[in-house]
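*Asks:* what follows is a predicted protein model with its sequence.
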Amino acid sequence: MSWKMVYKNKSWEKKGSLLDALREEGLEDIILGARINGILTDLKIIPPFGSVVEIVDWDDAEGKSIYWHTSSHILAHAVKELFPEVKLGIGPAIEDGFYYDFYKDTPFTQEDLEKIEERMKEIIKKDIPIERIELTRDEARKLLEELEENFKLELLEEIPEGEKISFYRQGNFIDLCKGPHLPSTGKVKAIKLLSTSGAYWKGNENNPMLQRIYGISFPSEKELNDYLKEREEALKRDHRKVGRELGIFNTFEEAGPGLIFYPPKGALLRLIIEEFERKEHLKRGYLPVITPHLMQADLWKISGHWDNYRENMFFLQVDEKDYAVKPMNCPGHVLIYRSTVRSYRDLPLRFFEMGTVYRYERSGVLYGLERARGFTQDDAHIFCTEEQLEDEIKRVLDFVFFMLKSFGLNEYEITLSTRPEKYIGSDEIWEKATIALKNALESVGVSYQVAEGEGAFYGPKIDLKLRGLLGKRWQGPTIQVDFNLPERFDLTYDASDGTKKRPVMIHRAILGSYERFIGILIEQYGGRFPLWLAPVQIAILPISEKHEDYALEIAKILKENDFRVEVDLDQAKLNYKLRKAINNKIPYIFIVGDKEKAERKVSVRTHNQDLGVFELNVIINKLSDEINTKKSLIGG
């Protein structure tokens, strides 16, 4: 029996198991798993006759997933040996490592984590073989009942009839799991536990609270150490820490999880972004609209959200009628379009709104600004003819690239997401919409990946995923083509031939949500924003009380020139005030003392550089140029 193996553009015929073949080729230590006819699997399997086998290594995302999934089982194995009373939840690989959820009466301590990590290293050193076992449903139920793993029993009942039920065993540890996994525990070379947190079972606050342990692993100690250094630096830039320290945002437990409050500096930052973007929208022919936060449920039934998105929405009753708090702005824009007769001469019609929406995100996935329940989108809907569609998508892409460049965000991935399992509309309409997006991407010459089945329920989309800390990707700009809502809401326009035709609808957000975008900006700059974005652009530090009148005079002149200024009138020593301004990440610091006051000048510095003494009109001109060009001209 033979099969074809493919590895880094090299292919050959092999017999026996994948693992046997890899041993023959000397690849056993670097190959982590395989795709057999496109399906990810373990290495111990014997591929069916005629199979095409692609073997995956650490450079493959699915290779990392197998590595980290096995690491999570090693974690669970260690915990069960040290704390036999603990009950198992789930333990997946994630984008950046792995975690496992455990039910335990008392919290894990730091000392517990150290013991668990040591036991994990012992399990790895033993190089215990990992074995896949398939059981019938009754056999699986009996085993889990004997083990008293109630959470796993619940997962077992959710496995569809006819689907294989598999367990993975390593020594005295066994776990209900689809896999795949590495051949043995010793394949994991370097491992570290990172943190713990609470997590509701299945992300539902009505379920028991579990304890989640996060970890990371790598094929070498060097890679692990490099990661830990990068992580330490990333934690210093974490927007949840920096944003609160700088007064950019707050969340309040008494208000509810996932709801964002902006103190003055955060509100200023957001207004700066909004104003810049509003002007750019108007330049490009967009028309502003404003829609209510609350609309009757019947509207969401027509749009399809009731059937396809209801679990993510908030509802209430008013005058015995069902209402929904809007999770999206599109139905409101549709009603404005439909409120008057439209002609082909009106198209393309571009409505935009800084629209606040609310979505029910599970508490377990909330993450500061980057995943909240209430947020504001720079949302727009373009109504156009089919002939105009591709050009409009290209214009949106151009707008997106311009905005990201303006904010210094040059690292992103582009994906084209296709029809999901749950969708509305015909296959023909979906095909037409997908082709339009694909053609637009190819015509502007950008590389992209296809994300099969990840489109919105009403249409395919282009997403730009922005780089966060430790390589994490967050969805930002999005462009979605929709033939369905115009059909469901009976939208028309008077065509040039006198007939009524349907417009096509483009849903798009240029930055995404302001909350997530601000979180990404905080991490991009570590809170040290470029001058044009900084909530406070200049701190003026009088050396002593006798210099305060001159400092206040300078502040008045700067404010008249549209600079955002703070004067530090604290009676502390200059070094203390200077350190405070630097810690607050204010771009420029003006120091005034006897000499500056006498000469009507200012001493200028940044957090790490003394720039010298300037006449006030000279420094105003230089900083004004820096704001207008959005480039650092004197501060480096």
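*Replies:* On my side now, so go ahead.
*Asks:* spatially central residue in the protein, please.
*Replies:* A centroid search over the chain (CA atoms, centre = their mean) returns residue 474, at 2.3 Å, as the residue closest to the centre.
*Asks:* partners of that one in the sheet?
*Replies:* Residues in a beta bridge with residue 474, per DSSP bridges, are residue 466.
*Asks:* from residue 263, how far out is it?
*Replies:* Distance from residue 474 to residue 263, counting by CB to CB, to the nearest Å: 23 Å. Heads up, the C-betas are built off the backbone N, CA and C, glycines and all.
*Asks:* then residue 358?
*Replies:* Noted for residue 358: a distance of 21 Å to residue 263, by CB to CB.
*Asks:* what about those two, which has more around it?
*Replies:* A side-by-side neighbour count of residue 358 and residue 263, using other CB atoms under 10 Å, places residue 358 first with 20 against 14.
*Asks:* next up, the contacts around that one.
*Replies:* 293, 314, 325, 326, 327, 373, 374 (CB atoms under 8 Å, 6 or more residues apart in numbering).
*Asks:* same question, residue 379
*Replies:* By CB under 8 Å, 6+ apart, the contact list for residue 379 reads 328, 329, 330, 352, 353, 354, 355, 507, 508, 509.
*Asks:* which of those residues fall in strands?
*Replies:* Within those, residues falling in strands by DSSP state E are 352, 353, 354, 355, 507, 508, 509.
*Asks:* out of the residues you listed, which two sit at the greatest distance?
*Replies:* Greatest spatial distance in these: 354 and 507, 15.3 Å, computed using CB to CB.
*Asks:* of these two, who's got more company?
*Replies:* Higher neighbour count among residue 354 and residue 507: residue 507, with 22 against 18, using other CB under 10 Å.
*Asks:* the residue lying closest to that one once chain neighbours are set aside sits in which helix or strand?
*Replies:* Using CB to CB, 6 or more residues apart in numbering and skipping the chain neighbours, the partner closest in space to residue 507 is residue 480 (4.1 Å). Element membership for residue 480, per DSSP states H and E: strand 473-482.
*Asks:* wait, the residue nearest to residue 507 touches residue 506, no?
*Replies:* Yes - contact status for residue 480 versus residue 506: in contact at 6.9 Å, counting by CB atoms under 8 Å.
*Asks:* quick one, which of these two is more surrounded?
*Replies:* The neighbour count for residue 480 versus residue 506, taken as other CB under 10 Å, is higher for residue 506 (27 against 22).
*Asks:* what subset of the contacts of residue 358 is buried?
*Replies:* Among the contacts of residue 358, the ones that count as buried by 16 or more other CB atoms under 10 Å are 325, 326, 327, 373, 374.
*Asks:* kindly reformat those residues as TSV containing pLDDT and distance to residue 284.
*Replies:* Compiled in TSV, the buried ones among the contacts of residue 358 are given as follows (pLDDT from 0 to 100; distance: CB to CB, whole Å):
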residue	pLDDT	distance to residue 284
325	95	30
326	95	25
327	94	26
373	94	31
374	94	28
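*Asks:* check what contacts stretch 104-118 and list those residues.
*Replies:* Stretch 104-118 has contacts (CB under 8 Å, 6+ apart) with 75, 78-79, 82-83, 85-87, 102, 191-193, 196, 211, 213.
*Asks:* same deal with stretch 563-570?
*Replies:* Around stretch 563-570, the neighbours that count as contacts under CB under 8 Å, 6+ apart are 268, 534-542, 548, 551-552, 555, 558-559, 576-577, 580-581, 586, 620, 623.
*Asks:* rerun that using 10 Å as the cut-off
*Replies:* 265, 268, 272, 531, 534-542, 545, 548, 551-552, 554-559, 574, 576-578, 580-581, 584, 586, 588-590, 592, 620, 623-624, 627 (CB atoms under 10 Å, 6 or more residues apart in numbering).
*Asks:* quick one: buried residues of the longest helix along the chain?
*Replies:* Longest helix of the chain, by residue count under DSSP state H: helix 61-82. Judged by neighbour count using 16+ other CB under 10 Å, the buried positions of helix 61-82 are 62-81.
*Asks:* residue 257 - that's part of a helix, no?
*Replies:* No - counting by DSSP: H, G, I helix; E, B strand; the rest coil, residue 257 is not found in a helix; it is coil.
*Asks:* show me which of the contacts of stretch 563-570 are buried.
*Replies:* Listed as buried from the contacts of stretch 563-570 are 265, 268, 272, 531, 534-542, 548, 551, 554-555, 558, 577-578, 581, 584, 586, 588-590, 592, 620, 623, 627; burial here means 16+ other CB under 10 Å.
*Asks:* which ones among the residues you listed lie within strands?
*Replies:* 538, 539, 540, 541, 542, 588, 589, 590, 592.
*Asks:* could I get these as TSV with distance to residue 450 and pLDDT?
*Replies:* Below are these laid out as TSV (distance: CB to CB, whole Å; pLDDT from 0 to 100):
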residue	distance to residue 450	pLDDT
538	48	98
539	49	98
540	54	98
541	55	97
542	60	97
588	46	97
589	49	98
590	53	98
592	59	96
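*Asks:* show me the two of those that sit farthest apart.
*Replies:* Most distant of these, by CB to CB, are 542 and 588, 15.6 Å apart.
*Asks:* which stretches in the stretch 51-200 of the chain count as helices?
*Replies:* Using DSSP state H, counting those that start in this stretch, the helices found in the stretch 51-200 of the chain span residues 61-82, 110-126, 137-147, 150-157.
*Asks:* dump those helices into JSON lines; add distance to residue 416 and mean pLDDT as well.
*Replies:* Shown next, in JSON lines, are those (distance: least, CB to CB, whole Å; pLDDT from 0 to 100):
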{"stretch": "helix 61-82", "distance to residue 416": "18", "mean pLDDT": "97"}
{"stretch": "helix 110-126", "distance to residue 416": "40", "mean pLDDT": "97"}
{"stretch": "helix 137-147", "distance to residue 416": "39", "mean pLDDT": "96"}
{"stretch": "helix 150-157", "distance to residue 416": "33", "mean pLDDT": "96"}
